[in-house]
Each structure stands twice: as C-alpha cells, then as structure tokens.
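Novice: sharing a model prediction with you, sequence too.
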Amino acid sequence: DQNCGSQGNACAGGQQCAGGRCLGNTICDDVLRNTLTDLDHCGECNHKCSDGLICDKGQCKKGNGQAYCSGNKVTMGTVDRCSSCSDKCSDSLICKDNACVTGVGMTYCSGNTINTLNDVDHCGSCNHKCANGQICSEGTCKAGNGVMYCNGVKINSTQDSAHCSGCGNLCPAGSKCGMTSSLVACNEGVGSTYCSGIQRNTSNDSAHCGQCGKKCGVGQICQFGTCQTGTGATICDGKSVNTSNDSAHCGQCGKKCGVGQICKSSTCQSGTGATYCDGKSVNISNDFANCGQCGRTTAHKMCKDGGFIDPSVGGTVYFGKYNGSPIQWYILDNDTVNHRLMLLARDVLEMMQRYHTESETITWEQSTIRSWLNGYGSSENKQSEDYTSSNFIKSAFTDEEKAKIPKVTVVNDDNPQYNTPGGNNTLDYVFLLSINEVKTLLPPYVDPENNMCTKILCLGACWWLRSPGENSSLASFVDSAGGLGSQGIEVKLHGL
C-alpha cells in the first residue's frame with residue numbers, strides 16, 4: 001500500500017489499496033466511514049449502492065452480504081433474495097453463488113424456511129423424514145446422537161432421559177441424560193431434564209420422580225427425587241398443583257375426581273363450585289372448559305350448575321377473566337348454523353382505554369382500541385402502536401379459551417344519522433358494537449312505561465361503539481344512563 005495507483009502514493013492508516021485507490025477509513029460529512037464496505041459511501045463519500053448491490057472493496061456489485069431493498073438493509077445471497085431483491089428461490093432450491101440451484105442447505109419447504117442439512121423432517125430434501133432412531137447429518141439420515149424421532153415423538157437423545165443415546169434407553173432412577181467427555185450417558189443426579197421431548201424436573205415432579213415416568217403413589221409427593229408421604233404443593237407433568245385440593249390431581253398426580261365431585265383434603269367428595277384444575281382456580285359449576293369435572297367440555301353448549309345446557313339469547317355465560325375476576329357475558333345472538341355466540345360483556349371492563357391515542361380522523365380499522373382488543377401489531381393502526389405483548393385478548397383469555405374465539409368479518413356501516421363513513425370491513429376476534437347492532441340486537445333504549453334504561457344498557461358508565469360520530473374524529477358511544485350518543489365524542493378522550 002505504499003504505491004497505490006502511482007509511485008509513492010502511500011495509503012493512510014486504516015486504509016488499503018483497492019483498484020488503484022486508497023479506500024477504508026474516510027471522513028464523510030464529519031463522520032468516519034469505511035468506503036470499502038459502506039453501502040452509503042461505497043468507494044467514495046455519498047456514493048450509495050443501488051438496490052440489490054453490496055459494497056465490496058469499494059465497488060457496488062452483486063454478491064453475498066448487506067444491500068438495500070426498497071430502502072431497507074437486508075442480506076443478499078439467501079433463499080429470500082438470491083440474486084436480486086425480488087429473487088426468492090422456489091421450494092427445494094438453495095441459493096449458491098447468487099443462483100437458485102438444486103442442493104442441500106437452507107431452502108423453502110411448503111413455504112417454511114428449512115435447513116435440509118440437519119432437519120429430520122426434511123433431510124436432504126423436502127418431506128424426506130428420517131426413520132425412528134436416526135438423526136439428519138449433512139443431508140443424510142444416519143445413526144448418531146441428536147434430534148431424532150422415537151415412537152413418533154421428536155426428541156434430542158443427548159439430553160432426553162427417556163431416550164438417552166438412543167430410543168428407549170431410559171436412565172435409571174437417580175440419574176439423568178447428559179454429555180460426559182463428549183459421550184452421551186446417564187449421569188448421577190436429578191433435576192431439569194427431558195422426558196420424551198418435554199422438559200421435566202425429576203427432583204420435584206411427582207409424575208416423574210427421580211426418573212422419567214415414575215409416578216408417586218396416592219398420598220405421596222416428590223421431594224429431592226424420591227417419593228415421600230404427604231400431599232400438598234408439588235409438580236405434576238410440569239404443572240404446579242396442590243394434590244390436597246386440585247380436582248385433576250387429587251391426592252396423586254393424574255387422579256381426576258368424577259363428574260359432580262371436587263377435591264377436598266386430598267380426597268374426591270360430592271359437590272361442585274370453586275376448585276382447582278391443573279393448578280388453575282376454576283368453578284366447575286359454570287366453567288365451559290371444566291363443566292362439573294376438570295377437563296369436561298363440549299362444543300356449542302353452556303355450563304350451568306355443573307351440567308351442559310343449550311345457550312339462549314338474552315341469557316348469560318361466564319368466559320375468561322379480567323383483572324382476576326370472571327367475565328360474565330350477555331348472549332346477543334346464537335348462530336346455530338356456524339355454532340357461534342355473539343357476546344357482550346355485562347360490565348364495563350376497562351375504564352381508561354381511549355378509542356384512539358391521538359386526536360385525528362380515524363375509522364375502526366385504523367383505531368388503536370381495535371389493536372389493543374385483538375393484540376395486533378403496529379401495522380394495524382394509524383399510530384403504529386404495537387399491542388402484541390400487552391392487550392385485552394391476551395389478558396382475558398387462556399390459550400384454550402382463545403382457540404374458541406373465531407375471527408369474523410366485522411361490517412363497518414356508515415353512521416346512520418350523519419352518514420360519516422365507517423371505513424373498510426375488518427376481520428377481528430373482539431370488537432365494539434356498532435350503532436346498528438345496538439339498535440337491532442339490544443332491547444329498546446328505555447322502558448316506555450317507566451322511562452328507565454334497559455338492564456343491558458345500564459352499565460353505570462359510558463362505553464365506546466365502533467361507529468364514527470358526526471365526523472371522523474369522533475366516535476359514537478352509549479352513555480351511563482343507556483342513551484345512544486350517535487353524534488360521538490373525541491376519540492382521544494379518557495374514561496370510557
């Protein structure tokens with residue numbers, strides 16, 4: 001680098017000679033840049049590479065590495081962007097030297113990114129599944145230790161104490177599977193391990209006490225890997241339970257009380273009401289997922305007094321919890337064809353949720369309250385707020401309950417009085433009622449004889465509707481006395 005491009009032209013520290021030019025650490029707009037690799041200053045200050053081109057030794061060209069695509073920095077030379085920003089390799093093809101070709105490695109299988117070098121479900125090619133007891137290595141199914149199938153269950157033989165170093169090799173009591181001097185073996189000790197692919201703790205799990213599959217007897221719990229006399233707080237199949245009052249594990253892991261029984265003092269006794277199922281507080285009198293017995297459920301029915309009944313419009317049902325309290329819902333509609341109930345919370349569940357976090361023209365589709373109710377990401381609302389972690393549906397319902405909630409088409413009519421556009425129809429799990437739904441699905445606003453609002457509308461607080469008000473910066477509502485506010489109020493207002 002002492003004669004870069006010409007005799008005696010020495011490159012400065014932090015630079016190297018490339019193509020007859022000294023490139024590398026260079027001050028561009030008062031900021032130190034590396035013109036060898038910088039996409040925005042490639043070869044010289046402010047020379048930005050075009051989409052799909054990397055910067056290599058001060059030249060913009062095709063290759064593997066970072067490049068711009070539609071203004072975003074991405075990695076080129078992958079199955080997503082093999083030779084250009086839009087060049088996505090088809091299923092079973094890998095990207096090699098910026099071309100989609102047949103081979104083994106990162107590829108797509110049925111739309112999912114897969115590495116056929118080591119995937120036991122797609123070993124060497126898409127959908128080529130290795131046989132029981134075989135791992136996938138370098139795209140070939142062979143004997144060895146690692147991820148494999150045993151009796152149809154995917155496990156890792158280097159850490160699974162039910163299949164240690166091979167299918168069916170159960171570690172003896174008081175030991176667990178692990179690596180010793182690069183060898184897979186059962187080593188003395190209890191604690192965190194895997195049993196047929198599921199993480200367990202053999203020191204305190206009364207269904208896997210000291211050994212995978214070793215269940216403690218009635219009136220025993222697991223302590224330090226041995227079954228000891230006693231009932232109470234313990235672990236059953238990885239779940240924290242109390243065998244003295246859990247009706248799914250009464251006196252022993254897996255001992256379920258019968259229909260119409262609950263667990264008291266470690267024995268099943270006649271009765272329904274508050275109890276525990278798999279460590280969760282439930283009421284088997286009205287819990288649809290645990291109706292009369294832990295785990296007893298059926299489709300298209302309600303639970304009442306521990307038995308199943310057909311749902312009826314105007315009735316109520318308990319479903320989910322919010323802030324620790326069970327949610328009671330009014331049944332507004334029963335779609336017997338699709339087996340769906342349309343529900344309205346009996347109480348106002350959240351007093352401080354704005355319809356939208358900023359004062360601006362808005363529709364239900366773009367509102368932040370829709371994203372908060374359903375747990376949508378930043379792309380679903382006008383303020384780009386991300387509600388995937390903190391939201392209503394996640395707080396109110398278990399995964400089992402969420403699976404029962406269908407995603408339905410929500411029709412967003414214009415305001416019937418002011419003709420304010422309601423916006424596009426949406427697909428949602430949870431939604432606010434519209435003005436038209438209030439008029440058609442709820443009883444009349446007032447009792448004509450007593451001039452009193454109906455029971456459903458008298459919630460003692462205002463609640464939002466999804467319909468716009470007299471203009472698109474207002475949202476309609478129902479007031480605390482049951483009156484319909486079709487003119488709307490400010491979308492950023494707190495207190496509804």
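Specialist: Perfect, thanks for sending it. Numbers count the residues shown, from 1 in each chain.
Novice: run a quick neighbour tally on Arg340.
Specialist: The number of residues packed around Arg340, counting by other C-beta atoms under 10 Å, is 14. Heads up, the C-betas are built off the backbone N, CA and C, glycines and all.
Novice: the nearest residue to it once chain neighbours are set aside: which element?
Specialist: The shortest distance from Arg340 to any residue other than its chain neighbours is 6.0 Å, reached at Pro406 (C-beta to C-beta, 6 or more residues apart in numbering). With secondary structure defined by DSSP states H and E, Pro406 is part of neither a helix nor a strand.
Novice: tell me how many other residues crowd Pro406.
Specialist: For Pro406, the count of nearby residues is 11 (other C-beta under 10 Å).
Novice: residues contacting it?
Specialist: The contact partners of Pro406, taken as C-beta atoms under 8 Å, 6 or more residues apart in numbering, are Asn338, Arg340, Tyr429.
Novice: likewise Ser371?
Specialist: Under the contact definition (C-beta under 8 Å, 6+ apart), the residues listed for Ser371 are Gly377, Glu380, Asn381, Glu385, Tyr387, Asn391.
Novice: Gly217: which of these is nearest?
Specialist: For those, the minimum distance to Gly217 (C-beta to C-beta) is 43.8 Å, reached by Asn391.
Novice: quick one on the thing from earlier: now, of the contacts of Ser371, which are buried?
Specialist: Buried positions within these, assessed by neighbour count (16 or more other C-beta atoms under 10 Å), are Glu380, Asn381, Glu385, Tyr387, Asn391.
Novice: next, count neighbours for Gly124.
Specialist: When neighbours are counted by other C-beta under 10 Å, Gly124 registers 16.
Novice: can you tell me the closest non-neighbouring residue to it?
Specialist: Sequence neighbours aside, Gly139 is the residue nearest to Gly124 in space, at 3.9 Å (criterion: C-beta to C-beta, 6+ apart).
Novice: same deal with Ser265?
Specialist: In space, and not counting its chain neighbours, Ser265 is closest to Ser244: 6.2 Å by C-beta to C-beta, 6+ apart.
Novice: how far away is the one you found from Gly146?
Specialist: Between Ser244 and Gly146 the distance, using C-beta to C-beta, to the nearest Å, works out to 42 Å.
Novice: more neighbours: which of these two?
Specialist: Counted by other C-beta under 10 Å, Ser244 and Gly146 do not tie: Ser244 has more neighbours, with 20 against 16.
Novice: returning to that earlier point: tabulate the contacts of Ser371 (a markdown table), appending distance to Ile435, secondary structure and pLDDT.
Specialist: As requested, these are arranged in a markdown table below (distance: C-beta to C-beta, whole Å; DSSP: H, G, I helix; E, B strand; the rest coil; pLDDT from 0 to 100):
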| residue | distance to Ile435 | secondary structure | pLDDT |
| --- | --- | --- | --- |
| Gly377 | 28 | coil | 94 |
| Glu380 | 23 | helix | 95 |
| Asn381 | 22 | coil | 94 |
| Glu385 | 25 | coil | 93 |
| Tyr387 | 25 | coil | 95 |
| Asn391 | 25 | coil | 95 |
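Novice: pLDDT below threshold where in the stretch 201-350 of the chain?
Specialist: For the stretch 201-350 of the chain, residues meeting the criterion pLDDT under 70 lie at 299-300.
Novice: sec struct for the residue most central in space within the chain, please.
Specialist: The central residue of the chain, meaning the one whose C-alpha is nearest the mean C-alpha position (C-alpha atoms, centre = their mean), is Thr388 at 8.2 Å. Local secondary structure at Thr388 is given as coil here, using DSSP: H, G, I helix; E, B strand; the rest coil.
Novice: check the gap between the residue nearest to it when sequence neighbours are not counted and Asn242 for me.
Specialist: Take Thr388 and drop its neighbours on the chain: the residue closest to it by C-beta to C-beta, 6+ apart is Gly377, 5.1 Å away. Using C-beta to C-beta, one gets 38 Å for the distance from Gly377 to Asn242.
Novice: next one: Asn415
Specialist: For Asn415, the distance to Asn242 equals 54 Å [C-beta to C-beta].
Novice: those two - which one has more neighbours?
Specialist: For Asn415 versus Asn242, the count of surrounding residues by other C-beta under 10 Å is larger for Asn415: 25 against 18.
Novice: quick revisit: from the buried ones among the contacts of Ser371, which is closest to Leu183?
Specialist: For these, the residue nearest Leu183 by C-beta to C-beta is Asn391; the value is 47.8 Å.
Novice: how deep is the nearest residue to that closest one once chain neighbours are set aside tucked in, by neighbour count?
Specialist: Once flanking residues are discounted, Asn391 sits nearest to Gly375: 3.8 Å by C-beta to C-beta, 6+ apart. Around Gly375 sit 20 other residues, with neighbours defined as other C-beta under 10 Å.
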